[in-house]
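Q: Sharing a model that was predicted from the sequence below.
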Amino acid sequence: MAEGLTVGRREGPKDTAAKPSTTLELLAREGLVEVTRQHIKAGKVFYLDEEAVWKGVEFLYVLSGLLSLKQGEGEVLLFPGDFAHHHGLAERAYFHVREDTELLLVSSPPTFQLMRDEIDDMRSLGQSVEEKDAATEGHSQRIERLVLATAERLGLSGEQLILLSYAAYLHDIGKLGVSDDILNKPGPLTEEEREEMQRHAADGARILARKAFLKQASEIVLAHHERFDGTGYPRGLRGEEIPIEARILAVADAYDAMSSQRPYGVALSKDDAREEISCHAGTQFDPTVVEAFLAAVRALDV
């Protein structure tokens with residue numbers, strides 16, 4: 001082997017981080033350069049930070065899949081072989097993952113460590129919920145996809161989509177404080193049990209607010225059981241008093257709960273679940289959100 005040449009093999013040890021939608025692999029680090037491979041599932045949104053937050057160099061190369069980059073009123077598509085790079089951005093650049101995508105990122109340290117720490121935090125919190133309530137396995141990943149598809153139809157973009165993604169993935173974190181007997185009860189809850197269950201929205205918001213990057217998402221989690229007619233909890237917000245992100249999350253959460261097998265009920269068919277959502281437009285749910293949501297689930301065929 002040529003002197004000074006380092007060879008890496010796919011089966012060799014790697015520094016990695018992963019959650020259901022994203023995997024990172026640190027392929028190399030040498031001086032002021034890191035090379036990271038990323039696998040990101042379709043439907044996700046990610047960003048490159050502005051110079052005020054991150055002053056390093058980043059070069060992003062698309063190995064496979066399809067990305068779109070919002071620019072002004074339009075967007076640019078990035079196909080395999082396309083790339084983007086910068087050495088300081090005036091504002092965040094948001095990328096939408098249109099197909100499952102593999103990227104190569106060449107950047108200044110400690111890019112990988114920062115991304116890994118955030119992913120590890122998200123994965124740890126998400127796993128805690130699924131270990132606590134096995135009946136909801138996969139629930140958060142499914143509704144994350146649904147809320148982003150709905151939000152785009154409603155014109156949300158950029159930071160709103162990022163925060164909505166975080167909130168969707170971690171919206172049930174407050175269930176860590178709910179007893180197993182209540183979570184797994186097959187029949188109706190008593191008034192006392194219902195009160196304990198309803199505390200999970202506020203408890204979840206408090207847990208997320210402890211992490212700086214999740215503080216804004218915690219407000220969405222706090223409000224995701226409010227109802228459009230004002231009869232929800234924990235604050236009895238009504239109509240547009242409820243953040244739009246929480247109104248979207250409420251619809252997606254209810255739809256997935258109705259169409260999945262749970263201890264307290266039999267799963268509805270897709271058609272029946274859609275009909276239930278439609279019937280509660282204007283009372284439980286924002287009618288505009290319902291319209292966008294139903295269009296999204298039909299397009300996704302879920």
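A: Cool, got the structure. What you see is a predicted model; the values in this text were computed from it and never measured.
Q: what about Ala252, how many neighbours?
A: Residues within reach of Ala252, counting by other Cβ atoms under 10 Å, total 28. Every residue, glycine included, has its C-beta placed from N, CA and C.
Q: show me the contacts for it.
A: The neighbours of Ala252, taking Cβ atoms under 8 Å, 6 or more residues apart in numbering as the test, are Ile143, Leu146, Val147, Thr150, Ala168, Phe293.
Q: my guess is the third one meets Ala246, correct?
A: No. Applying Cβ atoms under 8 Å, one finds Val147 not in contact with Ala246, separated by 10.1 Å.
Q: Which residue of those two possesses the greater neighbour count?
A: Here Val147 and Ala246 are compared on neighbour count by other Cβ under 10 Å; more neighbours surround Val147, at 31 against 25.
Q: Could you report the separation of that one from Leu161?
A: Val147 sits 9 Å away from Leu161, going by Cβ to Cβ, to the nearest Å.
Q: swap in Glu226?
A: Glu226 sits 21 Å away from Leu161 when distances are taken as Cβ to Cβ.
Q: Please say which of those two ends up with more neighbours.
A: Glu226 (25 against 21).
Q: Out of the contacts of Ala252, flag the one nearest to Val33.
A: Closest to Val33 out of those is Ala168 (34.4 Å), distances taken as Cβ to Cβ.
Q: residues in contact with that closest one?
A: With contacts defined as Cβ under 8 Å, 6+ apart, Ala168 is in contact with Ser140, Ile143, Glu144, Leu146, Val147, Leu148, Leu249, Ala252.
Q: make it 10 Å
A: 139-148, 151, 217, 220-221, 224, 245, 248-249, 252-253 (Cβ atoms under 10 Å, 6 or more residues apart in numbering).
Q: And the buried ones among these, selectable in PyMOL?
A: In PyMOL, selecting the buried portion of the contacts of Ala168, with burial taken from 16 or more other Cβ atoms under 10 Å, looks like this:
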select buried, resi 139+140+141+142+143+144+145+146+147+148+151+217+220+221+224+245+248+249+252+253
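Q: still on that earlier bit, overlap in contacts, Val147 and Leu161.
A: Between them, Val147 and Leu161 have Glu245 as joint contacts when contacts are counted by Cβ under 10 Å, 6+ apart.
Q: Before we move on, what's the pLDDT of Ser259?
A: The per-residue pLDDT reported for Ser259 equals 88.
Q: Report the secondary structure element holding the closest residue in space to it that isn't next to it in sequence.
A: Here the nearest residue to Ser259 in space, its sequence neighbours aside, is Ala273; by Cβ to Cβ, 6 or more residues apart in numbering that works out to 4.2 Å. Under the criterion DSSP states H and E, the helix or strand holding Ala273 is helix 270-279.
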